[in-house]
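Student: Based on what follows, work out the 3D shape:
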Amino acid sequence: MPQARDVSEADFPEVKTGADPATSGTLPAENLTMKSVLEVNLELNTVKLPLHKGVVGGTTVWFVITDVSDRDLAEELGLNFAPRLANVTKNCVPCAQSVTSDRVLADGVEFLGKPDFSPTRLVKLGLGLPPAAVPGSEADLNYSPFVAIKGTDIVYDAPIVATGDGPFDIVAHDTTLDRVFAIDTDAMTVDFSFIRGFSGGEHIFYMSFESSAPLTATLERSTFAPVLGFTPSPDQGLDPESSRAALFNFLNGQVGPASPPAQGIPHVLMDGMASLDTGPQNPQLSEALRKGGDFHAVLDIFPTFDDGLADLYTPLWDVQFGVWSDAAVAEKLNTAQTDGNQIRQLAEQGLLTSPGGSPLASNREVVNCPVFGFASTAPKGPQAEKPATQP
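Tutor: Predicted structure coming up:
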């Protein structure tokens, strides 16, 4: 295992940090990876998607579609192409709902399960990490956001975001996902508060719908869905047979009103107003997230990567929590990172570990976070070399 030691800026691989993030107006269409997106409001920090109607045991449910494992359908429907979604059910049949539908997942589809949006989301800060946390929604035993079409090898990412026939609660979110900012069942659109992050040295945007861990579900305002934890496979983020890719977050990054340099969970708790609920009733939350108070996690793969790496994109992320060494924190070198291989190099040098000091690796938490666009420049690939000793 790498040993922690004295450090300086010379230890850090030289990579881009990306242009200034877009914070005003709307995102240009050419900056979208998901062409079905209707609008990205950079001032409200929201993304508008088409809304679809389904049913679960006689209850009306409302869902969105973000990714699909079939390339032609992705092109036809304006979705992210995520071929590794076809691996979701390997050794885990419940990891996707099996439904009867045409190849195009149509309105009126009957799902097997749904989330319960009625719990009250709670974040209570104490003297340190982790905070007391209760997710604002929880999946039933039959629910997964991943939907397999019977008789085909097609798998969609189609999370349910509201239940019932309205009117819908976007203040306490008793009937909607905690990230829902607006919902219109006449126009068939729904707006979500999105998350700002990094990939390949660039600023990127993604949504969060489910997490296999209750604390992460609470902080990300997503649905607690434990079944995601059984998807294949941890620490296999570049394996075409896995359904996951690596996502890096930090437990002792810098805090402050802007990122970079701040990054990670303490930054969100102190500067991202983590206890507030999403919605027009809390404009200060949108403002904090827009100006840098978000997680700024690092996604290892992005749909615009070159050299065939784009085909390794998946919305299912294998979370790795990094802890900076005492020496790095003392020298204030625990600044925002923007590239997966850059993070691996720092871990190789002993500057980053998993909690408890073990080598940086999967925390066994999984999140469903589809990407939808980038701020200014499309990420083209890793900005640092992968350490030769890492698989």
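Student: so what secondary structure elements neighbour the biggest strand by length in the chain?
Tutor: When the chain is parsed with DSSP state E, its longest strand is strand 316-324. When contacts are defined as 3 or more CB pairs under 8 Å, 6 or more residues apart in numbering; DSSP states H and E, strand 316-324 sits against strand 245-250, strand 352-353, strand 365-368. C-betas here are computed from N, CA, C, even on glycine.
Student: From the chain's centroid, how far away is the second one?
Tutor: The chain centroid and the centroid of strand 352-353 are separated by 22 Å, computed with CA atoms, centre = their mean, to the nearest Å.
Student: Using CSV, please lay out the helices and strands packed on strand 316-324 together with distance to residue 230, mean neighbour count and mean pLDDT.
Tutor: Shown next, in CSV, are the helices and strands packed on strand 316-324 (distance: least, CB to CB, whole Å; neighbours: other CB atoms under 10 Å; pLDDT from 0 to 100):
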stretch, distance to residue 230, mean neighbour count, mean pLDDT
strand 245-250, 17, 25, 98
strand 352-353, 26, 24, 97
strand 365-368, 9, 26, 98
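Student: what's the closest of these to residue 146?
Tutor: Nearest of the helices and strands packed on strand 316-324 to residue 146, taken as CB to CB: strand 365-368 at 8.0 Å.
Student: what sits up against whichever helix or strand comes after the closest one?
Tutor: Going down the chain from strand 365-368, the next helix or strand is strand 371-374, by DSSP states H and E. Identification of contacts with strand 371-374 by CB atoms under 8 Å, 6 or more residues apart in numbering yields 27, 31-34, 37, 40, 47, 66, 80, 194, 199, 202-207, 299, 302-304, 313, 315.
Student: where exactly do the helices run in the chain?
Tutor: 71-77, 214-219, 265-271, 283-288, 326-330, 340-348 (DSSP state H).
Student: Return the member of these having the minimum mean pLDDT.
Tutor: Here the lowest mean pLDDT among the helices of the chain goes to helix 265-271, at a mean of 90.
Student: Quick one: neighbours of residue 150, just the number.
Tutor: Look at residue 150: counted by other CB atoms under 10 Å, it has 9 neighbours.
Student: typed the wrong thing, it's residue 172
Tutor: Neighbour tally, residue 172, other CB under 10 Å: 16.
Student: same thing with residue 106?
Tutor: Residue 106 is flanked by 11 other residues according to other CB under 10 Å.
Student: measure it to residue 100 for me?
Tutor: Distance, residue 106 to residue 100, by CB to CB, to the nearest Å: 11 Å.
Student: Residue 233 now?
Tutor: 29 Å.
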